[in-house]
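A.B. asks: Sequence first, then the predicted structure:
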Amino acid sequence: MPIMDHPDKLQTKLYLIPVGLTAENGCDWIGAHGRATISVLRRFVVENPKSARQFLKTLGMPLQELEFEVLDEHSKPQDLDRLAGWLESGGDVGLLSEAGCPAIADPGALLARRAHRLGIQVIPLIGPCSIVLALMASGLNGQQFAFNGYLPQSSAQRVASIRDLEERSRKLDQTQIFIEAPYRNDALFSAITTACKPETSLSLATDLTSPMEEIRTKSIHQWRQDPPPQLHKRPTVFLLLADRPQSANRRSRAANAQ
């Protein structure tokens, strides 16, 4: 339903509040405007109340005055209906992800969509997003890219998905981005280096914004020649580009023209 049909509800706002990607820098990135905005909020929708309280405590928030509702991967449609009613009941609300930007590879997108339908203003605050940071640093095509979330867990389906993404990348000259549960990273890396062609580029962005951060881009051939990276239980973003010489030249000319 268009926002204009709910002029009375424009007074309520849903703020999307990014959380740091690591425990070391949970709120270091928040500027004066963000801190001032968050400081007046008393209602929050969160993935995990415990970690949300820890984050808000570092900002000096009065925890005893705050209300929390949960929206996570286990939430059901009726839970979202209840949250929508809570959102409408008055007072601005903050939406917190576990890490990074809410609503990006995150269940908070459902609440943001519902807010738009209700005519509630949705306001994103500035903060870290691992997907964007990884793409920025990869050196791969930042003009054409797609985020694909998680790949299938079944070995056969995962390999088929990787080959499909590689072909799509080659056809569209498009960087393909995906993630995995950290404890399955090694298996995914092995599947990629086995399934992809030697000339395809693979970038790994690991432990972003932490002291252990590593961002490396190599061809599949190079990855096969070098010792395998240590990815187990380390948050990693995978980026794949089946580059074509003419496409690389086109991007180079476009960059030089800027």
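C.D. replies: Okay, I see it.
A.B. asks: Break this structure down into its structural domains.
C.D. replies: Here the domain assignment for the chain is 3-124, 130-250, based on automatic domain parsing.
A.B. asks: can you tell me which residues contact residue 57?
C.D. replies: Counting by C-beta atoms under 8 Å, 6 or more residues apart in numbering, residue 57 touches residue 63. Yep, even glycine has a C-beta here, placed from its N, CA and C like the rest.
A.B. asks: ok so, going back, least reliable of the domains of the chain by average pLDDT, please.
C.D. replies: Mean pLDDT per stretch puts domain 3-124 lowest among the domains of the chain, at a mean of 89.
A.B. asks: where exactly do the helices run in the stretch 1-150 of the chain?
C.D. replies: Secondary structure of the stretch 1-150 of the chain (DSSP state H, counting those that start in this stretch): helices at 32-39, 49-58, 77-88, 108-118, 130-138.
A.B. asks: May I see these arranged in TSV, with distance to residue 242 as well?
C.D. replies: Converted to TSV, these look like this (distance: least, C-beta to C-beta, whole Å):
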stretch	distance to residue 242
helix 32-39	39
helix 49-58	38
helix 77-88	38
helix 108-118	29
helix 130-138	14
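A.B. asks: Among these, which comes closest to residue 70?
C.D. replies: helix 49-58 (6.5 Å; C-beta to C-beta).
A.B. asks: and stretch 214-228, which residues are buried?
C.D. replies: Buried residues in stretch 214-228, counted by 16 or more other C-beta atoms under 10 Å: 215, 217, 219-220, 223.
A.B. asks: can I get those in a markdown table with distance to residue 93?
C.D. replies: Shown next, in a markdown table, are those (distance: C-beta to C-beta, whole Å):
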| residue | distance to residue 93 |
| --- | --- |
| 215 | 35 |
| 217 | 39 |
| 219 | 46 |
| 220 | 45 |
| 223 | 44 |
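A.B. asks: got the end-to-end distance for stretch 17-32?
C.D. replies: Stretch 17-32 has an end-to-end distance of 14 Å (criterion: C-alpha to C-alpha, to the nearest Å).
A.B. asks: make that stretch 34-54, sorry
C.D. replies: First residue to last in stretch 34-54 (C-alpha to C-alpha) measures 17 Å.
A.B. asks: Off-centre distance for it?
C.D. replies: In terms of C-alpha atoms, centre = their mean, to the nearest Å, the centre of stretch 34-54 is found 19 Å from the chain centre.
A.B. asks: Mind listing what's buried along that stretch?
C.D. replies: 34, 37-38, 41, 43-47, 51-53.
A.B. asks: Now do that stretch: everything it contacts.
C.D. replies: So stretch 34-54 is contacted by 15, 17, 26, 30, 56, 59-61, 63, 65-72, 83, 86-87, 91-98, 106-108, 111, 125-127 (C-beta under 8 Å, 6+ apart).
A.B. asks: buried sites along the helix or strand where residue 186 lies?
C.D. replies: Per DSSP states H and E, residue 186 falls inside helix 185-195. Residues of helix 185-195 classed as buried: 185-189, 191-193, 195 (neighbour count, 16+ other C-beta under 10 Å).
A.B. asks: so how many other residues sit close to the closest residue in space to residue 188 that isn't next to it in sequence?
C.D. replies: Using C-beta to C-beta, 6 or more residues apart in numbering and skipping residues adjacent in sequence, the residue nearest residue 188 is residue 180, 4.7 Å away. Using other C-beta atoms under 10 Å, residue 180 has 22 neighbouring residues.
A.B. asks: Ok, residue 156 next?
C.D. replies: The burial count for residue 156: 8, using other C-beta under 10 Å.
A.B. asks: and after the particular helix or strand that has it in it, which helix or strand comes next?
C.D. replies: If you go by DSSP H and E, residue 156 is part of helix 155-172. Using DSSP H and E, the helix or strand that follows helix 155-172 in sequence is strand 175-179.
A.B. asks: quick one, that following strand and helix 185-195 angle?
C.D. replies: 150 degrees (axes from the mean of the first three to the mean of the last three C-alpha atoms, to 10 degrees).
A.B. asks: Quickly run through the sheet partners of strand 175-179, with directions.
C.D. replies: strand 145-150 (parallel), strand 236-241 (antiparallel) (DSSP bridges).
A.B. asks: Much appreciated, bye for now.
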